[in-house]
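> fold the following and give me the result.
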Amino acid sequence: MARDTKATKAKRPAQTASKASVQAAASAQTSSPAKAAAPGRAKTKVKKENGGYDILFKGSNIDLLRDTIRHHIMSFQGRDPDRAGNEDTYRALSYTLRDALMYKWIQSQKNYYAKAKKRVYYMSLEFLVGRSLSNAVINLGMQDPIHQVLKDIGSELEDLQACEEDAALGNGGLGRLAACFLDSIATLKIPAYGYGILYDYGIFHQRIVDGYQVETPDSWLRLGSPWLYERSHFMYPVQFGGRVHSYIDKDGRYRSRWVDTSIVMAMACDLLVPGYQNDHVINMRLWRAKASREIDLQSFNAGDYVSAVESKVKSETISKVLYPSDDIAEGQQLRLRQQYFFVAATLQDVMRRYRKSNTSFEDFPNQVAIQLNDTHPAIAIPELMRLMLDIEGQNWELAWDVCVKTFAYTNHTLMPEALETWTVDMFGAMLPRHLEIIYEINRRFLLEVAERYPGNARRIQEMSLIEEGPVRKIRMSNLAIVGSHSINGVAALHTELLKENLFRNFNEMYPERFNSKTNGITPRRWLLSCNQDLSGLIGEKIGMDWVTNLDLLRGLEAFADDLEFHKRWREVKRINKEWLAKIIKKDCNGLVVDPASMFDIHIKRIHEYKRQLLNVLHVVYLYQQIITYPEVERTPRTIIFAGKAAPSYHRAKLIIKLINAVAEVVNKDPRVGDRLKVVFIPNYGVSLAERIIPAADLSEQISTAGTEASGTGNMKFALNGALTIGTLDGANVEIREEVGEDNIFIFGMTAEEVEYEKRVKSRKPVQVYEKNPAVRAIIDAIAGGAFSNGDRELFRPLVHDLMSEHDPYLLLLDLESYLACQDMVGEMFADKAVWTKKSILNVARIGKFSSDRTITQYAEEIWGVKVNQD
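Residues are numbered from 1 along each chain as shown. Below you'll find the predicted structure:
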């Protein structure tokens, strides 16, 4: 499949003075440069010891930077530097920057060991890092010298960035949050590592064919990556299957050994993560599955070539694909294998590092903190117990004490059905020793529950790690709670709902363990890098220190009524919208949109609870209003969707089809003209988000109240000057508190009202349909085939869900409020001065939502480490 770079190769308008100023300001802010090269050393050498990259990467030697790039074109690419194209230059520049990062990483590691620093291990099945080149350029402070060198050799940084595939190591908000966290960890100089899996293929590459989502392989590594280091000397065996052999040791203690297992090797691959201009570099260690035996020579010599490599293929499948489909047994087994594979390899690496300077384990929690990003890595709890008991020979009491003090668990969901479980039979067949350990953890825990709450059988049943029933299951969230000293939600509302509803029993038993850590985003990627024109304008007014202290954006409030500043603010937005309009034209079959219209944007994973369908109902409403009342003046809108639906999530895929079906009708109706356009941009990812978000006027954050844990898209849009329309869900609640009620559009039921309606059903969708003619017209149009060429069956499942009193996401109950709020939005957008002031205030007051603040709280309140310590 040909590389898809269309979205990023739409040329950006010429650089403005603001963009130039942010590059100059950011480049000048190198806070603590590496030690200068020793006097008398030749400055033309590409590699030198003890700070040899210092001259090069302070940007003070353009000739050396150019020579290094040319050297890498020749030595790494095997090409004539004078004839190199963008692909070769991209790789050479990447290797050049990677050299600098590696030097700084080595210095950072030496510092950890020299000062015996406590290490943090962030375990996540996803890291949605996007592209590394732009991040490295920004965080190394190399914008100006690199632009100058590339100009000299006839290249542009934007073209080189387009050569890089997005690293397909994640799917949605969970993985993007993890990537933001690593950026902040590095910027705050926390001694830490991210651990995950090096997937050969991402979730999928999305194409839209006849309005339907079509999935094709996302083979992001087919040409390799210049940013990855393969660490073949860090190769660990990971066991599966087999049986447990129990015995009494020489001291009369019960012991177990896990035997007769199959082995898969885990090879480390490192991706370096630089802090912002502070010489501190950490690494993601990503595991790639390797066969323990490359080939069965006996089968090969017998002519059975397929069987000869069968074991290798099966073993290496573990790290092939992100999130295999779990609607079949084989997919479920592969997901469980993935989770244990990366956990087992990671803990062996942790133990290796700890064992370098320790012989006992009493001090383990004082030197090791492990953060579980959701329940995917929760198998780490029984795995650490297994290592302590079976390999290190420790007693249960010490092992469990160490375990609880070491682990912390972040929950990311409020929906009970989303809490991960594994069938006991499947788990036991794959990990028999771990099942034994979980049983013992559960036995001891339930004794504690029974002692605390005597006679309360229901509480014991609800809190058990094992869900009893026709199919017995292991509750991974319960395991994570019992085995961790900290359980945090990711927004204030989310945490309160966890404590009051989902984990109420656990909160009553362990109230000291529960806490809130509202999510955040890195301002380096989500403003400084992706919106350089706006960053430059801000920098002109308040300086650039906000890049590492986002609260300083409050200084913009002084310019909220400055009409000249308004004019420049709107000019930056116009430039970003023109850029996005070019991308839409290239990626959406030549569709032309008007940058002067309101860009109303809804980009996120396609899921019923995120309610893209509610937005579509508003699109139909607008379309009908324009057709019925053509004389009424309305704010022109371009409504933009993007996002992927899981391959087996048929309802979500049908919503994508409806979006495109409505777009087909609206965009071709001459009666509508430029007053309304509907766009679905395919193959949404980090790099595309970096192009879309700066162009947004309105940010759609419309999930059913009480379903979204936090959301971070809402923060990114607000940081780039978009106003939010949303429910009081997730972090929207705190965003309203920060930006002010007058600068956000809130509609719909609260979480409490949602729960009430689900329980009492005081209003039913059919009643809304019958009483409101506008709602009835919307539903009838979809049901009657107005957007499906007369086919009344195509969207019947969606219409059925909308009209059902059992709709868990209550779309029709919120629709009237949503339509009224959207009318208000349209009226306000027409008043440019009012809208611009609100936009400025959103940026000025969004400082709380920096991931630097979030990580500082994790470090000080959960991990027990200090930030910004050399």
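> switch to C-alpha atoms for all contacts and neighbour counts from now on
OK.
> which SSE is the residue nearest to the spatial centre of the chain in?
By CA atoms, centre = their mean, the chain has its centre lying nearest to Arg176, at 1.7 Å. Assigned by DSSP states H and E, Arg176 falls within helix 173-187.
> determine how far that helix lies from the middle of the whole chain.
On the basis of CA atoms, centre = their mean, to the nearest Å, helix 173-187 sits 8 Å off its chain's mean C-alpha point.
> for the helix or strand Ala689 falls within, C-alpha coordinates in CSV please.
Element membership of Ala689 [criterion: DSSP H and E] is helix 686-692. Extracted in CSV, the C-alpha atoms of helix 686-692 (Å, rounded to 0.1, in the frame of the first residue of the first chain):
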residue,chain,number,x,y,z
VAL,A,686,-2.2,12.4,15.7
SER,A,687,-0.7,14.3,12.7
LEU,A,688,-4.1,14.9,11.2
ALA,A,689,-5.3,16.2,14.6
GLU,A,690,-2.4,18.6,14.6
ARG,A,691,-3.8,20.1,11.4
ILE,A,692,-7.5,20.1,12.4
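> report all helices and strands that it contacts.
Packing contacts for helix 686-692, counted by 3 or more CA pairs under 8 Å, 6 or more residues apart in numbering; DSSP states H and E, involve helix 6-9, helix 563-587.
> what mean pLDDT does the first one have?
Pointing back at helix 6-9 there. Across helix 6-9, pLDDT averages out at 40.
> cool, and stretch 720-731?
Here the average pLDDT along stretch 720-731 is 97.
> do stretch 568-588 as well
Rounded mean pLDDT across stretch 568-588 is 98.
> in it, what's buried?
569-570, 572-588 (16 or more other CA atoms under 10 Å).
> do stretch 590-600 as well
For stretch 590-600, the neighbour count (16+ other CA under 10 Å) marks Leu591, Val592, Val593, Asp594, Pro595, Ser597, Met598, Phe599, Asp600 as buried.
> can you give me the helices in the stretch 551-700 of the chain?
Remark: helices assigned in the stretch 551-700 of the chain by DSSP state H, counting those that start in this stretch are 563-587, 612-628, 650-668, 686-692.
> so which of those is nearest Pro432?
Nearest to Pro432 among those is helix 650-668; the distance by CA to CA comes to 34.8 Å.
> who's in contact with the closest one?
Under the contact criterion CA atoms under 8 Å, 6 or more residues apart in numbering, helix 650-668 has outside partners 211-213, 606-608, 612-613, 616, 620, 623, 645-647, 672-673, 676-680, 787-788, 795, 797-798.
> now the angle from it to helix 612-628?
Inter-element angle recorded for helix 650-668 and helix 612-628: 20 degrees (by axes from the mean of the first three to the mean of the last three CA atoms, to 10 degrees).
> report the mean confidence score over helix 650-668.
Helix 650-668 carries an average pLDDT of 98.
> just how off-centre is the helix holding Ala689 within its chain?
Counting by CA atoms, centre = their mean, helix 686-692 is centred 13 Å from the centre of its parent chain.
> do stretch 66-84 as well
Its chain's C-alpha centre and that of stretch 66-84 lie 35 Å apart, by CA atoms, centre = their mean.
> so for it, what gets flagged as buried?
By 16+ other CA under 10 Å, the buried positions in stretch 66-84 come out as 66-74, 77, 79, 81, 84.
> pLDDT-wise, what's the bottom of those residues?
Gln77 (87).
> sticking with that one, tell me its helix or strand.
For Gln77, there is no helix or strand it lies in under DSSP H and E.
> wait, what's in contact with it?
For Gln77, the contact set (CA under 8 Å, 6+ apart) comprises Asp88, Arg91, Ala92.
> and for Thr518?
Neighbour list for Thr518: Gly489, Val490, Ala491, Ala492, Ser710, Ala731, Phe849, Thr854 [criterion: CA under 8 Å, 6+ apart].
> SS state for it?
coil (DSSP: H, G, I helix; E, B strand; the rest coil).
> show me the shaky parts of the protein.
For the chain, the stretches flagged by pLDDT under 70 are 1-60, 293-311, 325.
> residue most distant from the centroid, it?
Distance to the chain centre peaks in the chain at Lys250, reaching 49.8 Å (criterion: CA atoms, centre = their mean).
> what comes up buried for stretch 616-636?
Judged by neighbour count using 16+ other CA under 10 Å, the buried positions of stretch 616-636 are Val616, Leu617, His618, Val619, Val620, Tyr621, Leu622, Tyr623, Gln624, Ile626, Arg634, Pro636.
> mind putting these in CSV, distance to Ser134 included?
Converted to CSV, those look like this (distance: CA to CA, whole Å):
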residue, distance to Ser134
Val616, 35
Leu617, 38
His618, 37
Val619, 36
Val620, 39
Tyr621, 41
Leu622, 39
Tyr623, 40
Gln624, 44
Ile626, 43
Arg634, 40
Pro636, 34
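> what would the helices and strands packed on helix 686-692 look like in a markdown table with distance to Glu468?
Formatted as a markdown table, those follow (distance: least, CA to CA, whole Å):
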| stretch | distance to Glu468 |
| --- | --- |
| helix 6-9 | 50 |
| helix 563-587 | 50 |
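> out of those helices, the one nearest Ile746 is which?
helix 563-587 (23.4 Å).
> what's the burial count for the closest residue to Pro416 other than its chain neighbours?
Once flanking residues are discounted, Pro416 sits nearest to Leu502: 7.1 Å by CA to CA, 6 or more residues apart in numbering. Leu502 has 17 neighbours, counted by other CA atoms under 10 Å.
> any idea how far Leu502 lies from Ala751?
Look at Leu502 and Ala751: by CA to CA, to the nearest Å, they are 14 Å apart.
> also Asn411?
Distance, Asn411 to Ala751, by CA to CA: 18 Å.
> can you give me the helices for the stretch 701-850 of the chain?
Going by DSSP H, counting those that start in this stretch, the stretch 701-850 of the chain shows helices at 713-719, 732-739, 751-760, 765-771, 773-783, 796-803, 811-829, 832-844.
> so for the longest helix along the chain, what gets flagged as buried?
Longest helix in the chain by number of residues, with DSSP state H as the criterion: helix 86-114. In terms of neighbour count (16+ other CA under 10 Å), helix 86-114 has its buried residues at 86-105, 107-109, 112.
> same check, this time on stretch 314-330
Ser315, Glu316, Thr317, Ile318, Ser319, Lys320, Val321, Leu322, Tyr323, Pro324, Ser325.
> look at the residue farthest from the centre of the chain and give its secondary structure.
Going by three-state DSSP: Lys250 is coil.
> which ones are touching Met284?
Neighbour list for Met284: Tyr193, Gly194, Tyr195, Gly196, Asp270, Leu271, Leu272, Val273 [criterion: CA under 8 Å, 6+ apart].
> sort out for me which of those residues are in strands.
Taking DSSP state E as the definition of strands, these contribute Tyr193, Gly194, Tyr195, Gly196, Asp270, Leu271, Leu272, Val273.
> make a ChimeraX selection of the buried ones in those residues.
Only the buried entries of these go into this ChimeraX selection, using 16+ other CA under 10 Å:
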select :193,194,195,196,270,271,272,273
